[in-house]
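In: Structure for the following, please:
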Amino acid sequence: GASKLVFEMLCKSGILKRYQLNYEQCNVLQAVYSKDKCASKVALTARPLNDCLSNFHSSVDEITMSATPATLQWHAASSGQGMTTESSFDARDLEKFQIGRDTSLTFGLRELR
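Out: Alright, predicted model coming up:
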């Protein structure tokens, strides 16, 4: 049998709402690396990042950050709508910007916000 977590809520109207959530034990994974040995480092405050991310439509699931020694660029394509959005920062506008080689990372936009 699956492990379940059950929530029951008794509403004012007398209706009982029941939510049954299945769950399973899992192992926590830890990335093994040294931040000191990373060739690329980027730091910026939350406000410019939030301003940048606000340009992307809510239907966007993933956003890709591409970094070169001169720029930090964000781009995403809305699935099914054929719309592409891009936003970029000049390296001089960032608090810390050190790129060892051209790099691209893709994030879930919801988690990044």
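In: so where do the strands sit in this structure?
Out: 3-10, 16-23, 41-43, 62-67, 71-78, 83-90, 96-98, 103-108 (DSSP state E).
In: Contacts for the first one, please.
Out: For strand 3-10, the surrounding residues in contact (Cβ atoms under 8 Å, 6 or more residues apart in numbering) are 16-25. The way it works is simple: take the backbone N, C-alpha and C, and place the C-beta from them, glycine included.
In: Report back the residue of the chain that's furthest from centre.
Out: Note on the chain: the largest separation between a C-alpha and the mean C-alpha position, by Cα atoms, centre = their mean, falls on G14 (40.3 Å).
In: The biggest helix by length in the chain packs against which elements?
Out: In the chain, assigned by DSSP state H, the helix with the most residues is helix 46-53. Taking 3 or more Cβ pairs under 8 Å, 6 or more residues apart in numbering; DSSP states H and E as contact, the helices and strands that helix 46-53 lies on are strand 83-90.
In: Got the confidence number for the residue farthest from the centre of the chain?
Out: Note on G14: pLDDT of 91.
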